[in-house]
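Peer 1: 3D, please:
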Amino acid sequence: MSLDKVEQWFAAQLTSLQEQGIRKGHEKVITGIKAAENGLGPRYILEGYCDREFLRMNSNSYLGLSLHPQVIKTEAEAAEKYGTGSGAVRFISGTYQPHKDLEMRLAEFHGRESAMLFSAAYATMMGVLPQFISEDTLVVSDALNHSCIINAIRLSHPARKEVYAHANIDALDNILVANKGGVKRVCVVTDGIFSMRGDHAQIDKINACCKQHEEDYEEGIITVVDDSHGVGAFGSRGRGSEEVTGGRADILIATLGKSLGVNGGYVVASSTVIDYLRETSPFYIYSNPITPAEAAASLSALNILDSPEGLLLVGRLRRLSIQLRAGLERLGYETLPGEHPIVPIFVRDTAKTSALVAYLFAHNILVTGLNYPVVPKGEQEIRLQVCADHTENDLDYLLDKLSSFKGEPC
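Peer 2: Predicted structure coming up:
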């Protein structure tokens, strides 16, 4: 047997991606981190560029907790105590005390009865959503939902699937009206923070719309929200989209790998729902959990978030995000209003987006360009991400380079 024939097809696909300007190419490898000093935030050293120090504007570690001394110390101590891995899936012998402690704390933090850990936030959505979808279920999804939601729906094989225009509650209402009598159950699923734009779902309005129609469906309407970019980064207390909107999801999914700075995903809900998921979700049953050390580090990070220090970090993150948006608007760049640390620059052209990414890299700034098909055609952008360990000087440097770029050909 040979891969020769199929590799020709693979090579053609790679060539096509290259010609479209959307091939990701080789990954940049971080080989070191220079600590913050002299009014500047951390700088990153890349393989092959060892004489350069990069400002990183594409990190999800919104609160800078991945570099927090207490979080690092806690993970190291837990690794010494429990080893580097769990050695089994949870239901065999892979559940350690840090897993249980973290789940209890996450449930408390979100005001739920119970919580459940997964190996990643993507795996959480893939492992959770299909368990709420039967052959008599309608799934309703926001048009800009994340890839994990789209693929979880594909895995589920619902009776029907509907997509409503981004954040359009009237469109959601029309779908719920049109499908009365056709299915027994509805599952409405949305991102809390939309990862490409930094805007958020109006969870309160989604709930009000669903409540109007719930009696028309035999098994009711379930709301599922993935707030991976919201928890820790949005709201004055870092409770995410639920805090900002006053709404509450039936099923809330989030991550340990962004604001909390570690690794893994989780879901919080009623104790009955979590017990059901532990018995039915293959991504939980057949996968090793995050390591005990990661669980301990995540608990440490969560406790920092839920403390006076965390409130200061969340407040600083908000101020820096506002500063960056104001600077972009002053320079004439197109962005979106808001206070979330995802700050998009809409370039609306693939070649120009790639040129801006390359220009900023040449000036020691790491950013992410988002081109079709990751985003719709005409919505190509640079996604800037602010972190609490950035400084005002860092943002001033970025804005200065963006100001210079405007006069250069794309």
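
Peer 1: Please make it C-alpha for all contacts and neighbour counts, starting now.
Peer 2: Will do.

Peer 1: What's the local residue count around residue 402?
Peer 2: Residues within reach of residue 402, counting by other C-alpha atoms under 10 Å, total 18.

Peer 1: tell me which residues in whatever helix or strand it lives in are buried?
Peer 2: Using DSSP states H and E, residue 402 falls within helix 392-405. The neighbour-count check on helix 392-405 (16 or more other C-alpha atoms under 10 Å) flags 392, 394-395, 397-399, 402-403 as buried.

Peer 1: need these in TSV with distance to residue 246 and pLDDT, can you?
Peer 2: Listed next are those as TSV, based on distance: C-alpha to C-alpha, whole Å; pLDDT from 0 to 100:
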residue	distance to residue 246	pLDDT
392	31	98
394	33	98
395	31	98
397	37	98
398	34	98
399	34	98
402	36	97
403	38	95
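
Peer 1: three-state assignment of the nearest residue to residue 123 once chain neighbours are set aside?
Peer 2: Nearest residue to residue 123, sequence neighbours excluded (C-alpha to C-alpha, 6 or more residues apart in numbering): residue 283, at 6.3 Å. Classification of residue 283 using DSSP: H, G, I helix; E, B strand; the rest coil returns helix.

Peer 1: Would you check that residue 283 makes contact with residue 120?
Peer 2: No: here residue 283 lies out of contact with residue 120, judged by C-alpha atoms under 8 Å, at a distance of 9.7 Å.

Peer 1: The nearest residue to residue 197 once chain neighbours are set aside: neighbouring residues, count only.
Peer 2: Spatial nearest neighbour of residue 197, chain neighbours left out: residue 344 (5.8 Å); criterion: C-alpha to C-alpha, 6+ apart. When neighbours are counted by other C-alpha under 10 Å, residue 344 registers 27.

Peer 1: beta partners of residue 344?
Peer 2: Here residue 344 sits in beta bridges with residue 383, going by DSSP bridges.

Peer 1: Distance of it relative to residue 311?
Peer 2: For residue 344, the distance to residue 311 equals 25 Å [C-alpha to C-alpha, to the nearest Å].

Peer 1: ok, now residue 223?
Peer 2: 28 Å.

Peer 1: Next: residue 208.
Peer 2: Taken as C-alpha to C-alpha, the span from residue 208 to residue 311 is 30 Å.

Peer 1: Equivalent analysis for residue 20, please.
Peer 2: Taken as C-alpha to C-alpha, the span from residue 20 to residue 311 is 44 Å.

Peer 1: higher neighbour count, those two?
Peer 2: Using other C-alpha under 10 Å, the more surrounded residue of residue 20 and residue 311 is residue 311, with 18 against 13.

Peer 1: which stretch of helix or strand covers the more buried one?
Peer 2: Under the criterion of DSSP H and E, residue 311 resides in helix 308-331.

Peer 1: contacting residues around that helix?
Peer 2: Contact with helix 308-331 is made by 62-63, 232-238, 304-305, 334-343, 386-388, 391-392, 395, 399, 403, as judged by C-alpha atoms under 8 Å, 6 or more residues apart in numbering.

Peer 1: Narrow those to those that are buried.
Peer 2: By 16+ other C-alpha under 10 Å, those give 62-63, 232-235, 237-238, 304-305, 335-336, 339-343, 386-388, 391-392, 395, 399, 403 as buried.

Peer 1: Would you confirm that residue 172 contacts residue 162?
Peer 2: No: judged on C-alpha under 8 Å, residue 172 makes no contact with residue 162 at a distance of 9.0 Å.

Peer 1: what sits in contact with each of those two?
Peer 2: Common neighbours of residue 172 and residue 162 (criterion: C-alpha under 8 Å, 6+ apart): residue 140.

Peer 1: what about these two, which has more around it?
Peer 2: residue 172 (22 against 15).

Peer 1: Then that one would be within a helix, right?
Peer 2: Yes: Residue 172 sits within a helix when classified using three-state DSSP.

Peer 1: any idea of the pLDDT on the closest residue to it other than its chain neighbours?
Peer 2: Once flanking residues are discounted, residue 172 sits nearest to residue 164: 5.8 Å by C-alpha to C-alpha, 6+ apart. As predicted, residue 164 sits at a pLDDT of 98.

Peer 1: Would you mind giving both backbone torsions of residue 164?
Peer 2: Here is the backbone geometry of residue 164 (degrees, to the nearest 10): phi -100, psi 150.

Peer 1: Residue 380 too?
Peer 2: The phi and psi values for residue 380, taken as degrees, to the nearest 10, are phi -60, psi 140.

Peer 1: burial measure for it, as a count.
Peer 2: When neighbours are counted by other C-alpha under 10 Å, residue 380 comes out with 26.

Peer 1: Tell me how far it lies from residue 142.
Peer 2: 19 Å.

Peer 1: likewise residue 331?
Peer 2: 32 Å.

Peer 1: Can you pick out the residue with more neighbours from the two?
Peer 2: residue 142 (24 against 15).

Peer 1: just the helices in the stretch 1-150 of the chain please.
Peer 2: 4-20, 69-82, 97-110, 121-128, 147-156 (DSSP state H, counting those that start in this stretch).

Peer 1: picking that back up, quick one: the helix holding residue 311 to helix 392-405, angle?
Peer 2: With axes from the mean of the first three to the mean of the last three C-alpha atoms, to 10 degrees applied, the angle from helix 308-331 to helix 392-405 works out at 20 degrees.
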